[in-house]
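**Student:** sharing a sequence plus its predicted fold:
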Number of protein chains: 8
Amino acid sequence: MQLTVYLAGQIHDDWRNELIQKAEQMNLPLQFVSPMTNHSRSDAIGEEILGEQPTKIVKDDKASDFNNLRTEILMAKSDVVLAFFGDSYKQWNTAMDASTALAHNKPLILVRDESLHHALKELSNKATATVENFDQALKALSYVFETE
Amino acid sequence: MQLTVYLAGQIHDDWRNELIQKAEQMNLPLQFVSPMTNHSRSDAIGEEILGEQPTKIVKDDKASDFNNLRTEILMAKSDVVLAFFGDSYKQWNTAMDASTALAHNKPLILVRDESLHHALKELSNKATATVENFDQALKALSYVFETE
Amino acid sequence: MQLTVYLAGQIHDDWRNELIQKAEQMNLPLQFVSPMTNHSRSDAIGEEILGEQPTKIVKDDKASDFNNLRTEILMAKSDVVLAFFGDSYKQWNTAMDASTALAHNKPLILVRDESLHHALKELSNKATATVENFDQALKALSYVFETE
Amino acid sequence: MQLTVYLAGQIHDDWRNELIQKAEQMNLPLQFVSPMTNHSRSDAIGEEILGEQPTKIVKDDKASDFNNLRTEILMAKSDVVLAFFGDSYKQWNTAMDASTALAHNKPLILVRDESLHHALKELSNKATATVENFDQALKALSYVFETE
Amino acid sequence: MQLTVYLAGQIHDDWRNELIQKAEQMNLPLQFVSPMTNHSRSDAIGEEILGEQPTKIVKDDKASDFNNLRTEILMAKSDVVLAFFGDSYKQWNTAMDASTALAHNKPLILVRDESLHHALKELSNKATATVENFDQALKALSYVFETE
Amino acid sequence: MQLTVYLAGQIHDDWRNELIQKAEQMNLPLQFVSPMTNHSRSDAIGEEILGEQPTKIVKDDKASDFNNLRTEILMAKSDVVLAFFGDSYKQWNTAMDASTALAHNKPLILVRDESLHHALKELSNKATATVENFDQALKALSYVFETE
Amino acid sequence: MQLTVYLAGQIHDDWRNELIQKAEQMNLPLQFVSPMTNHSRSDAIGEEILGEQPTKIVKDDKASDFNNLRTEILMAKSDVVLAFFGDSYKQWNTAMDASTALAHNKPLILVRDESLHHALKELSNKATATVENFDQALKALSYVFETE
Amino acid sequence: MQLTVYLAGQIHDDWRNELIQKAEQMNLPLQFVSPMTNHSRSDAIGEEILGEQPTKIVKDDKASDFNNLRTEILMAKSDVVLAFFGDSYKQWNTAMDASTALAHNKPLILVRDESLHHALKELSNKATATVENFDQALKALSYVFETE
């Protein structure tokens, strides 16, 4: 049995690779899928596909068409969603992906530093599990496969 | 025909009363429901009901039990969700309520200043309608009832 | 028992009033809801609420935000959808509303002249009932209440 | 990971082969499924299977039995629906397939020339993404698999 | 609290009136809805609304359009379905209505003489409750309201 | 706005009346519904309606037909489920009703003494809110209506 | 692409083997699943597994436990349901399986001789496609795979 | 065709291995998944992953996060749930898993000694099949694959 994990969260730094490398070291039967993590490309994908747009807001709206398309397709293929909240950025996308997963009965692992607990308390309360870092998240995923 | 509107968003200032008064002046057949808007009570409701908790995180977790209970009951009674994002605060709750509404096929009006568009672009793209202020939101709700 | 009927279809002429008057003459316990039937207002509602938009396409897109909001709210309140296809116009909206109703287990009465049968054959095949004019549609609705 | 794409749209010309060949040139891990694209056979399939029918309308109705059977089976197997609207024909089938996909939470790429935007504005507004030609549609699908 | 009960079953004799009169004598807060119980009208409703049809099978098919419309609307309004199977007739409609109710999480009371148990064993096994006559069915409905 | 509350739990003592009286003293706009709380009647309802059964197990099975019918009808009418676990009895019914509510997106208040936490930890973790006594449960319900 | 087909219908004669052999001759990529077609074993499976039961009705009820278990597991694995109605027997099981499939959005091919149309008219009207014999049913399934 | 079976039930003794060995002897094409059956690890998993917790209740709550995560992921992968109730322990988890399976239309085999029938009568009544021991449960699963 292999599980597919959607990695929701900001795309400003390299946290997914860090997590994926740790998972590989643990030999977990996991396949990871993600939003486009090249941030400038993610912002520009609307104009890349459709050409120049009349305003910055329309440019954003078109980019989100393709980012949402990607997320919806890949999340439907996933068995579990891992949503990471960091210190910076609005991360409303992350909250949207996490909440959408829960509403569709898709299990959710929330990863956030303890310092963020207050602002995330209602979402953390609905999440299947909340942890504080990637090592803990991977232990949680590993636990699904362990038998003793 | 009367509609019930859930007002999702931060509870640090008095924006809901402002909106409700405008709605009353327009004589719209709307009933508004909200989370607990007394902020300190919302944070303390876990200990108010259950007594002192061992840590601040557990206190938060218990408060969110009752805040989520309230939101789930009232959102199920609502015909449409209005979610307001302002300049301040994390507002991950707001993103959670907005996304949950969409995932349950509940129409969503997103209210946010244009300056917030970039961070909200994927959620705005999924929302039924996005507006920039309360007057526009009420015009949108009024439009549902108008016949010419 | 009263039923609410959503009247899907083009908004270029006065067919809904004709149908509603016939229904009133038959004293049927029906409440009708509709999209905005003032066509120029329906097209302009995006700019009416949000102000001038940069292109005609964005203007259209914003108008459809509020038209979809209205349709989603009112269709959720309806017990049955009546979708009328006429000779003119693309009427893709009508096909969208009719198909959405069916996919959400909402009964659908399709009204179309026999001459349109070929192009509508797959949708007619999925509709709960297909009739050729408003008198027949109202007889179908009346039949729901009759006991002998 | 391979995706299955349902190609909704008219069956009067050879647009699907054009699109599939472009996809093959891009080496995308896509499997395409479609309605019966032999138009005269699609119209005649009711009588081909069941024998002669009493009227043209019944002939149409029986053909649509088998066309709908095919569409329902293949769309359930698909991860994403691509719906193409051209200049000609009623294309109410296409609107039906596109709307059914959305109502069942199946991501939808709408392909239409900019000239058709007005008539498609409400459906385009609900689609996951709207593009203007097949190259753009394939870039959108390719984007789902790209990682940088 | 009042309950609406859909009375599924054959329409060849007067069993519904018998049951409704018993319910009235018991003063139960029940509202009953039914298919068209005038059998010849039920068979003719397609031609009554649409005019003469080319064959008996098409006549039947059109009648079933309006009978299914009525059933779908009224069953959606119901809190519980009572399905009665008697000695005569195919009663595949009854089995269809009963199974549809169960699949939509609508509670089902099956009424059948003990002599029919074998042929109904799989449906009876899925029904919420199975009884042998109308008095028992009404006791079951009365039990929902009783408090001691 | 009034809420309907289903009171799941054992029927060996009078806890529901105690809770309902407290609610009345608080003037909460709540309507309570319950399983049959007359225990011997609940056990005997199968034979009361259907007559003597061949074995004790069949007698039990028939009683549960009518108890499940009652629970399904009344829970579908409820806005929230309150499930009380006490010290005695197996209470597998209570766990069934609580879990069914959650799986159907019905908010759940779990009431249990702290001493039962370990055995209920997974269910408590999924419940919308967990409290230790009826006063706390009613405060939680009251909180839904309070505005300051 | 391979499809799994559930063959609903009576188990008194060998119609499934006839159909499966025809399918093999046509080289269709179909996998067929069925209820237990050994009729006496199907009736006796409750006592075979659980031992002697107190009455014939309880024996039937226990047999239907295992027959329903089999049907639910296999129908969930199926892409399409083929339901055959013949001249003899009550066949309420068949109507139940066919209706359950439709209610769960599983495409349904109804096979029945024209002589049975009247009694099956409402179910036939809801079926995805209705045919009169197995050759036609297999042509319908073959049509799903054909491309010209 | 292979089936995945989720084995719900207490984790105090070795019943799952006994059952799995019997299944292997019968050469059934079954894959079994389970909760963590190392009881002390199941209780400690919250602290194992997250570190020491402030109270025993919080420790329990955190353990249940990861136990529920595991159950939700594995049950979603399963075709059928087998829930075993024994003489000892509260087993509210087992009732929760069994009820959740039923509410999500996942077939359920309940295994319990006849002596437990009374307390389980309502859950047994809703289960797809109820048996008294593992041999019977495996015969029920074997029956799904048998063809004569």
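**Tutor:** Received, thanks. Residues are numbered from 1 along each chain as shown, chains lettered A, B, ... in the order given.
**Student:** roughly how far apart are A:Trp15 and chain G?
**Tutor:** Distance from A:Trp15 to chain G, counting by Cβ to the nearest Cβ, to the nearest Å: 38 Å. Bear in mind the C-beta positions are built from the backbone N, C-alpha and C, glycine included.
**Student:** in the sheet, who's paired with the closest residue to that residue other than its chain neighbours?
**Tutor:** With sequence-adjacent residues excluded and distances taken as Cβ to Cβ, 6 or more residues apart in numbering or on different chains, A:Trp15 is closest to A:Phe84, at 6.2 Å. Beta-bridge pairing of A:Phe84, defined through DSSP bridges, involves A:Gly9, A:Val111.
**Student:** for A:Phe84, give me its contacts.
**Tutor:** Each residue near A:Phe84 by Cβ atoms under 8 Å, 6 or more residues apart in numbering or on different chains is listed here: A:7-10, A:15, A:94, A:111-112, A:134.
**Student:** likewise for A:Met96?
**Tutor:** In this structure, A:Met96 makes contact with B:95, B:98-99, B:122-123, B:126, judged by Cβ under 8 Å, 6+ apart.
**Student:** now narrow these to whatever sits close to chain E.
**Tutor:** Of the residues in those, proximity to chain E by Cβ under 8 Å from any Cβ of the partner chain holds for none.
**Student:** narrow those to those in helices?
**Tutor:** B:95, B:98-99, B:122-123, B:126 (DSSP state H).
**Student:** before we move on, the earlier item: next, format the contacts of A:Met96 as CSV and append distance to F:Pro107 and neighbour count.
**Tutor:** Formatted as CSV, the entries for the contacts of A:Met96 read as follows, by distance: Cβ to Cβ, whole Å; neighbours: other Cβ atoms under 10 Å in any protein chain shown:
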residue, distance to F:Pro107, neighbour count
B:Ala95, 21, 27
B:Ala98, 19, 31
B:Ser99, 18, 27
B:Glu122, 28, 22
B:Leu123, 24, 28
B:Lys126, 24, 21
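**Student:** quick one: which of the residues you listed is nearest chain C?
**Tutor:** The closest of the contacts of A:Met96 to chain C turns out to be B:Lys126 (Cβ to the nearest Cβ; 11.7 Å).
**Student:** does that closest one really touch A:Asn68, like I thought?
**Tutor:** Yes: counting by Cβ atoms under 8 Å, A:Asn68 is a contact partner of B:Lys126 at 6.4 Å.
**Student:** got a list of what the residue of chain A found nearest chain D touches?
**Tutor:** For chain A and chain D, the shortest gap (Cβ to the nearest Cβ) falls at A:Asp65, measuring 3.9 Å. With contacts defined as Cβ under 8 Å, 6+ apart, the neighbours of A:Asp65 are A:46, B:125, D:128-130.
**Student:** do A:Ser88 as well
**Tutor:** A:Ser88 makes contact with A:10, A:12, according to Cβ under 8 Å, 6+ apart.
**Student:** got the phi and psi for the residue of chain A most remote from its centre?
**Tutor:** The C-alpha centroid of chain A is most remote from A:Pro54, which lies 30.3 Å away (Cα atoms, centre = their mean). Note on A:Pro54: its backbone torsions stand at phi -70, psi -30 [degrees, to the nearest 10].
**Student:** try the one 4 residues further on
**Tutor:** Note on A:Val58: its backbone torsions stand at phi -70, psi -40 [degrees, to the nearest 10].
**Student:** equivalent analysis for A:Ile109, please.
**Tutor:** Backbone phi and psi, for A:Ile109 under degrees, to the nearest 10, turn out to be phi -100, psi 120.
**Student:** that one against A:Thr128, yeah?
**Tutor:** Yes: using Cβ under 8 Å, A:Ile109 and A:Thr128 qualify as a contacting pair, with a distance of 6.6 Å.
**Student:** just give me the neighbour total for the residue lying closest to A:Leu50 once chain neighbours are set aside.
**Tutor:** Among residues not flanking A:Leu50 along the chain, A:Lys62 sits closest, at 5.5 Å (Cβ to Cβ, 6+ apart). Using other Cβ atoms under 10 Å in any protein chain shown as the criterion, A:Lys62 is surrounded by 24 other residues.
**Student:** list the contacts of the residue of chain A found nearest chain C.
**Tutor:** Sorted by distance to chain C under Cβ to the nearest Cβ, the residues of chain A start with A:Pro54, at 4.0 Å. When contacts are counted by Cβ under 8 Å, 6+ apart, A:Pro54 touches C:54-55, C:58.
**Student:** and A:Thr55, what does it touch?
**Tutor:** For A:Thr55, the contacting residues are C:54, C:58, by Cβ under 8 Å, 6+ apart.
**Student:** state the pLDDT value of A:Thr148.
**Tutor:** Not quite, residue A:148 is Glu, not Thr. Listed pLDDT for A:Glu148 reads 88.
**Student:** what residues are up against it?
**Tutor:** With contact set as Cβ under 8 Å, 6+ apart, A:Glu148 has these partners: H:37-38, H:41.
**Student:** now, of those residues, which are buried?
**Tutor:** Those of those that meet the buried threshold are H:Thr37, by 16 or more other Cβ atoms under 10 Å in any protein chain shown.
**Student:** cool, thanks, signing off.
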